[in-house]
Every structure is written in C-alpha cells, then in structure tokens.
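# quick one: sequence plus predicted model below, questions after.
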Amino acid sequence: MRIPIVKHLIAGGKRALGLHIPFRSLVILPDDIFLVSFPKSGNTWTRFLLANLRFPGEPVTWANIDRLIPDPMGTTKRDFDRMPRPRIIKSHECFDPRYPRVVYIVRDPRDVVVSQYHYHRKLKKIEDDSPIEKFVTRFLAGETCPHGSWGQNIATWLYTSEGNARFLLLRYEDLLADTARELAKVVTFLQLSASPEQIAQAVERSSADRMRKLEKEQPDRNTLMKGSRKDLSFVRAAGAGGWRSDLPAPQAARIEAAWGHLMQHLGYELSSQPLVEPREYASLPIPSGVPR
Amino acid sequence: MIKRLIAGGKQLLGLHYPGRNLRIFPDDVFLVSYPKSGNTWTRFLIANLVYPEKHPDFANINELIPDPEGISKRHLEQLPRPRYLKSHQYFDPRYPKIIHIVRDPRDVVLSEYYFDIKRRAIPDDFPLDKFVSRFVSGELNHPYGTWAENTATWFYTRGQSPRLLLVTYEALQSEGARQMAKIAEFIGVPADPARIAFALEQSSADRMRELEKKQGHLWSSTKQTRQDKPFVRSAKAGGWKNELSESSVAEIESAWGRLMREIGYELAVANAVSVGADRR
C-alpha cells in the first residue's frame, strides 16, 4: 500500500466520473455493431469507410474517427454513452459472444505480418534493421499484439460463426478490388440505407490518397500514431500481395505451414506446400457471407 | 450515479471483481471449462494434488482455486504463486497455461438443467426438451456463449501448443489416475502414484457429497440454492442416454455434431450433420 494507492485513487475517481477506458467491461447494447479484425488488416480504412457513410455531414479525419467509431481500449466510457445509436465500435478482440452484430475483416497473414513489421518500426517498438525472421517468429507465436495470433483470432470467429446470420466476413483484398461492392454488402448486412452515390462518396472520402494527405496534416491527432515516428506513415502501401516482394520466401512458407489450411479456406493461394497439415483445421465450417 | 460511486470506491480499494480485466501473471495456470463440465470436481482434484495439507473442501476451495469473477482483485494479487485459477471464459489469448476440461454437451445440458432447478432458475416441472432447445440456441443463464462457441474457441486455437492440455470429463471418469498423471506433469507437480491416488480419493463423488451435506450452505455456488437438491449429482458420464429424448439428442447433434465428433464423441443419431441453420 505505498504508491499503488495513488493509482487506485485516480482509477477510482475516473471510474466514478465515467472517464475510465472501459476495455472489456464495456456495456454492450443490443443494437451495437462491431467492426472486428486482427490488427493491420484494414480496420482503420473500414472505419473511415463506414464513418463516412454513416456521418456524411462530417467528413472523417484522424481527429474525429476515434469519436465516430471508437475503440473500447482508447475511448472513455462517458464518450461511449454519448454515441448515437446504433453504435459502430472497433475491436481487435477474439470471439466475444456478447457482440450482437459483427463485421469481421480478414487479410492475408503474409501481408499482415509485413504491415505490422513496418507499424512496429513506426511505433519505435523495433529498429529499422530488425530481422523480419525474428518478427515472423513472434508473429506466429501471437506475441506481436495482445489479441492472440492471426490464426487464433480468425479461428475463434470462423469456428463460432457457422450459420450465424449476425456475422459478416469481408476480405481486405475484396474490399480493395471493389470497394463500393463490398461496402454495399455491409450496408445490406447492417440494414442501413445508402444510395450508390452515398457509397461512392464514402469510398472517395476514404481513399488512400486522402487518408495519407490527412495524416500529413494531422500526424498526432490519433491514438494509433501519437508519439510515433513521423518519417514513416501509418497509411503505407494500402495494397494486396506486397508480401511477394517484401517477405522472403522461407518466411512466407513458415506462415503457410502454420495456417495453410485456414488460409486456403479463405481463398489465399499458398506459395509452398504446407509442411504440416494441422489436424484441427480439418473441417473448417464456412460461414455465410464468405467470399469464395 | 450512486452505483458508479460505489464501483469507483471498490476499484480504489481493489475490492472489485476483475473478471475479464484480470491482471495475469506469466506463471498462472487456468482451469478452463464450460459450466457444468466437471470444473468443480477438477478444482478439488487439483487442489488435493497441489495443496493436500490444506484439506480442500467447499469452505476453502474458492480461496485455493478461485474464480476471478468471484473474488476481489486485492485477494487475487495476494495468492501464492503459481496461481491456479478457475474460469468458464471463452478463449483468452493472455492465459499462459490452460487445462481445458471438455464434457459431452448431451450430459452438460442435463447437468445444467438440474442445477437450474436447484438454483430456482426454472421450476421442477420445466420441460427438458424445451430446456435443450434453449441450451442449443444460446438462451442461457450465464455469459459464456453456447457450449459449441465456448468449446470451439479453445479447441480450434490450441494448435500444437504445449501451453494447453485438453482433458475430457469422460476420460477423467474412466481413467482418473492416468489423466491426473498427465495433469501433474503438465503443471510440474510430481506425478507420484500415491499422491495422485490420494487426490482422487479425496475428490471422489461420495466424499464430495458428504462435504456438500456439511458445507453446502457455506459455499458461494450453493448457499442461496435449494438445499433439497444436491450440487454433486450423478457424477457420471452418459446419463443423457436414459434421460434425453431422441429429438433432443438429434437437436444437439445436428447443431454441434462436427465439433463433437472432432473431440471424439460418438453421435447417436445417424446423419446428424451440422447443418448450420440460423441458431441465433
């Protein structure tokens, strides 16, 4: 009972005022919509897309996105309580049975690892010359973020979503290939109303170019990049398949060996024959809405 | 506002139940299961294996192997290390070491049915078929997801991980000594046959029934419940064969047959294939 008491006092006071970060004690409302993904899988882009669609009167920027589509790990309880309903909430969490409606974005793990590697450079968590092999080892073990490994995160959602009409799976790659079409799927799933023109406007306002431009103007206005290196940008390639040139073949093969079956089910072509066929993915159920 | 102030005050003193916000230590061991899957029995088994000198019973089991959802943060941080913690939670990537107890959902639903009668959640004459339908569709009296959701999140994430040990309730019943030796090895306690035999004997259904008679009114999980109904019920596997209707069995198997088969449970109804009908 020495210094912790001060921390406890602050935490207690914040809780009393609703200024604490709710994290996992977030009170979930029956009409909440969760935008879920493993980190570095297009979550921020999709947040921009959905926020621009939902709040056309207020073009989305790095300064207001945390208020429009907040993260329970980065926004106070009071701000959550003040949001218009239905709320759209960002999450990187593994399966949570309390989430009433889920839009899950999945991305090729070989691109995810490259993206996360560069993001960790930007956050000064690793040095520029840190070997990618080492990063892949930690990535496979689920040690590069607190949300499980890529395989665990996706497995907890896929294996619980069979026949679940309240779960929509989107691939980042499809979102890139035809953003308007994929966004229209989300609109239908969420029973929102949006004209093709409104969808086009949201796509336009969330383009990689616009997001890059805004990032230059507001480099410190978002929790995702506060205090990070300014010589590296958050919005990087915004593309698919970069791993083919950025990830050494043996590293891609390690990822495929670990999660090959899961990747194939999601439509990601393997560059190598998986070394081990993990038995536990033997009969992956495909949820409704999986792009084939 | 008053509620918030009380919550704030509790947080200040560390008296709140941390639940999923639990602070985890790298040497923690979690005893994970869906409710009514033999978790209490396994708590007794492990407590008797690790702390035989404490004479585990219903009066101290919550202290020896506590549930982070039922004990204060302050208390949790004062436990001897490594801590052994009970949990009904679905997958949590932070758990460092996990003993996952899985039980045949056809028996789980029966156990839950009788427990819900004991705790007055349903009347004595509540139709079992209707209870099974609720169980399958996820209308539950707890926040841990359906049996399949909860089980799948652990089962399909385990990979080849040496951090998770899967033990079925049925194997614990039929070959207790062997499963206990595996558990002992997993948690790094000497797998001495005499010590294991002692733990099994101290945790037998008969002994637990006897303890429940004396202490049932003291233990958090039973003290507010009907005392004319036991918590330690049949303590057997396969009761569903006599008690569940054929249509109830078919309902469970058609919803979760795939996962049941992958765990190793034989299906009773032919062609009860997971059809993936909308269950929500």
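Cool, got the structure.
# only C-alpha atoms from now on, for both contacts and neighbour counts.
Fine.
# so where's chain A shaky on pLDDT?
A:1-4, A:19, A:21-24, A:273-292 (pLDDT under 70).
# kindly recompute the last result at 50.
Filtered on pLDDT under 50, chain A yields the residue ranges A:1, A:275, A:278-283, A:285-292.
# now the helices for it?
For chain A, applying DSSP state H gives helices covering A:4-17, A:43-54, A:65-68, A:77-81, A:109-122, A:132-140, A:150-158, A:172-177, A:179-189, A:196-205, A:208-217, A:243-246, A:249-265.
# export these to CSV and tack on mean neighbour count and distance to residue B:267?
Output for these, formatted as CSV (neighbours: other C-alpha atoms under 10 Å in any protein chain shown; distance: least, C-alpha to C-alpha, whole Å):
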stretch, mean neighbour count, distance to residue B:267
helix A:4-17, 17, 50
helix A:43-54, 23, 40
helix A:65-68, 21, 48
helix A:77-81, 17, 46
helix A:109-122, 21, 36
helix A:132-140, 17, 35
helix A:150-158, 25, 23
helix A:172-177, 17, 38
helix A:179-189, 17, 35
helix A:196-205, 18, 48
helix A:208-217, 15, 51
helix A:243-246, 13, 44
helix A:249-265, 19, 26
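# how about those, which one is nearest residue B:125?
helix A:150-158 (36.7 Å; C-alpha to C-alpha).
# got the CA positions of that closest one in PDB?
The C-alpha trace of helix A:150-158 is given here as PDB (Å, rounded to 0.1, in the frame of the first residue of the first chain):
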ATOM      1  CA  TRP A 150      -3.600 -14.300 -36.600                       C
ATOM      2  CA  GLY A 151      -4.600 -17.900 -36.700                       C
ATOM      3  CA  GLN A 152      -6.200 -17.900 -33.200                       C
ATOM      4  CA  ASN A 153      -8.000 -14.600 -33.800                       C
ATOM      5  CA  ILE A 154      -9.600 -15.700 -37.100                       C
ATOM      6  CA  ALA A 155     -10.300 -19.300 -35.800                       C
ATOM      7  CA  THR A 156     -12.200 -18.100 -32.700                       C
ATOM      8  CA  TRP A 157     -14.600 -16.100 -35.100                       C
ATOM      9  CA  LEU A 158     -14.800 -18.600 -38.000                       C
END
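# now check it, is it near chain B?
Yes - Helix A:150-158 reaches chain B (C-alpha under 8 Å from any C-alpha of the partner chain) through A:151, A:152, A:155, A:156, A:157.
# reformat the helices of chain A as CSV; add distance to residue B:190.
Conversion of the helices of chain A to CSV gives the following (distance: least, C-alpha to C-alpha, whole Å):
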stretch, distance to residue B:190
helix A:4-17, 37
helix A:43-54, 47
helix A:65-68, 52
helix A:77-81, 47
helix A:109-122, 41
helix A:132-140, 32
helix A:150-158, 32
helix A:172-177, 50
helix A:179-189, 55
helix A:196-205, 62
helix A:208-217, 58
helix A:243-246, 47
helix A:249-265, 33
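# tell me how many other residues surround the closest residue to residue B:215 other than its chain neighbours.
Leaving aside its chain neighbours, residue B:215 sits nearest to residue B:58 (6.1 Å; criterion: C-alpha to C-alpha, 6 or more residues apart in numbering or on different chains). Residues lying near residue B:58 (other C-alpha atoms under 10 Å in any protein chain shown) number 21.
# residue B:58 belongs to a strand?
No - counting by DSSP: H, G, I helix; E, B strand; the rest coil, residue B:58 falls outside a strand, being coil.
# what's near enough to touch it?
B:211, B:212, B:215, B:216, B:218, B:219 (C-alpha atoms under 8 Å, 6 or more residues apart in numbering or on different chains).
# hmm, the fourth one is touching residue B:226, no?
No - look at residue B:216 against residue B:226 with C-alpha atoms under 8 Å: they stay out of range, at 10.0 Å.
# which one of those two has more residues nearby?
Taking neighbours as other C-alpha under 10 Å, residue B:216 and residue B:226 compare with residue B:216 leading, 22 against 16.
# what lies in contact with the helix or strand residue B:31 falls within?
If you go by DSSP states H and E, residue B:31 is part of strand B:29-33. For strand B:29-33, the external contacting residues (C-alpha under 8 Å, 6+ apart) are B:39, B:43, B:82-89, B:95-102, B:151, B:187.
# buried members of those residues into PyMOL, please.
Buried subset of those, written as a PyMOL selection, criterion 16 or more other C-alpha atoms under 10 Å in any protein chain shown:
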select buried, chain B and resi 39+43+83+84+85+86+87+88+89+95+97+98+99+100+101+102+151+187
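# on that earlier part again, name the residues that touch the helix or strand following the strand holding residue B:31?
Per DSSP H and E, the first helix or strand lying C-terminal to strand B:29-33 is helix B:39-50. Residues from elsewhere that reach helix B:39-50, judged by C-alpha under 8 Å, 6+ apart: B:31-33, B:55-57, B:61, B:64-65, B:86, B:101, B:184, B:189, B:195-196, B:198-200, B:202-203.
# perfect, that will be all.
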